[in-house]
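> No sequence on hand, only this structure:
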């Protein structure tokens with residue numbers, strides 16, 4: 001976000017507990033009742049349940065003219081596209097299934113969560129390729145970030 005003043009990152013809501021390295025800056029952590037009330041009130045651009053936890057993207061502030069960046073899964077991207085056919089989907093992929101597994105384990109998820117994520121990964125990648133505007137392999141953070149910025153700059157022209 002520091003590199004592009006035209007971008008604002010949406011902070012998702014979740015009912016899951018924070019991972020050891022996470023803070024309120026990463027997610028808006030709420031209980032299930034609070035999340036469900038917000039969903040009923042139409043406060044989410046998209047939301048879904050995964051492994052018993054709810055995740056959602058709050059609707060953007062219409063007065064903010066910056067481009068809204070969402071870090072969401074394929075199911076969320078499909079919901080966004082159903083509402084806004086001009087939304088841009090950049091599919092960010094791990095360099096390999098082994099790297100994906102190592103990254104999931106490295107963020108402190110429990111074993112059942114890691115296994116479930118790995119079970120659905122191939123299908124999510126296939127679905128993501130059907131809706132993507134662009135694809136970036138996250139094998140090197142700086143290179144992948146630069147590639148995303150190049151895509152955004154091209155779209156802004």
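Yes, it's here. These figures come from a predicted structure and were not determined experimentally.
> Show me where this protein has its helices.
Remark: helices assigned in the chain by DSSP state H are 32-40, 74-83, 97-106, 111-131, 141-156.
> Out of the ones you listed, which is closest to residue 22?
With Cβ to Cβ as the measure, helix 97-106 is the member of these nearest residue 22 (13.3 Å). C-beta coordinates here come from the backbone N, C-alpha and C atoms, glycine included.
> what sits up against the closest one?
94, 113, 114, 117, 118, 121, 139 (Cβ atoms under 8 Å, 6 or more residues apart in numbering).
> Which members of those are the farthest-apart pair?
Using Cβ to Cβ, the contacts of helix 97-106 span at most 23.5 Å, a distance reached by 113 and 139.
> Among the two, which residue is more densely surrounded?
It is residue 113, of residue 113 and residue 139, that has more neighbours when counted by other Cβ atoms under 10 Å, with 17 against 12.
> And this protein, what are its domain boundaries?
Listed domain ranges for the chain are 1-72, 88-157 (source: automatic domain parsing).
> Turn these into CSV, including distance to residue 82 and mean pLDDT.
Formatted as CSV, those follow (distance: least, Cβ to Cβ, whole Å; pLDDT from 0 to 100):
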stretch, distance to residue 82, mean pLDDT
domain 1-72, 9, 93
domain 88-157, 10, 94
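> Just tell me which of those ends up closest to residue 81.
Closest to residue 81 of the domains of the chain is domain 88-157 (Cβ to Cβ; 5.9 Å).
> Now find how far off-centre that closest one is within its chain.
Computed by Cα atoms, centre = their mean, to the nearest Å, the chain-centroid distance of domain 88-157 equals 9 Å.
> what's the answer for stretch 80-98, then?
9 Å.
> what about it, start to end distance?
Counting by Cα to Cα, to the nearest Å, you get 29 Å between the two ends of stretch 80-98.
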